[in-house]
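**Q** Provide a 3D model corresponding to the input given below.
(one chain, ligands or ions: 1)
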Amino acid sequence: MIVRDFHKLKDTNRAVSDAQWTSVRMLLADDGMGFSFHITTLYAGSEHTFHYKHHFESVYCISGRGSITDLTSGETFEIRPGVMYALDQHDKHTLRADEDLVMACCFNPPVTGKEVHREDGSYAPADALAD
Ligand code: 9YT
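**A** Residues are numbered from 1 along each chain as shown. Sure, this is the predicted structure:
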């Protein structure tokens, strides 16, 4: 069994940040679960375009308000506590945080922890990250 506390992990290298978001990786590829599990906070007023071409991702809103636009269909959906979206088509999307958005996210295949967002908004596939 793996038991971890967000409040302890947020001060370790499992917390990854840039100016607009921070993400605590509760589970990563080397935990062997077949998915990674993240608590991601997108800061109020920020906007993000992501395109996880090599991963499926589902995201559940714990707190905050914002929106997500599917950049293929042009549809926009409100994000509020209780709402989940799943990027089952590797959907390119823009997220907007009207307030700090706290999201629980799962990635399949799991993120290794070494990824950085590439210019196209994707993370490289895990086999491209081998040392
Ligand atoms: C909300 C969202 O897309 N989170 C992605 C995970 C985060 N960028 C991370 O942990 O890398």
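**Q** which SS class is the residue most central in space within the chain?
**A** The residue lying closest to the centre of the chain (C-alpha atoms, centre = their mean) is residue 105, at 5.2 Å. Secondary structure state of residue 105, per DSSP: H, G, I helix; E, B strand; the rest coil, is strand.
**Q** What residues sit buried inside stretch 57-65?
**A** Residues 57, 59-61, 64-65 are the ones in stretch 57-65 that count as buried (16 or more other C-beta atoms under 10 Å). To be clear about C-beta, it is placed using only N, CA and C from the backbone, and glycine gets the same treatment.
**Q** Quick check: closest non-adjacent residue to the residue in the chain that the ligand sits nearest to.
**A** Going by C-beta to the nearest ligand atom, the ligand is nearest to residue 23 of the chain, at 3.1 Å. Closest residue to residue 23 apart from its sequence neighbours, by C-beta to C-beta, 6 or more residues apart in numbering: residue 40 at 4.2 Å.
**Q** Just to check, that neighbour is in contact with residue 25?
**A** No: between residue 40 and residue 25 there is no contact under C-beta atoms under 8 Å: 9.4 Å.
**Q** quick one, which of the two is more surrounded?
**A** The neighbour comparison of residue 40 against residue 25 (other C-beta atoms under 10 Å) goes to residue 25, with 25 against 19.
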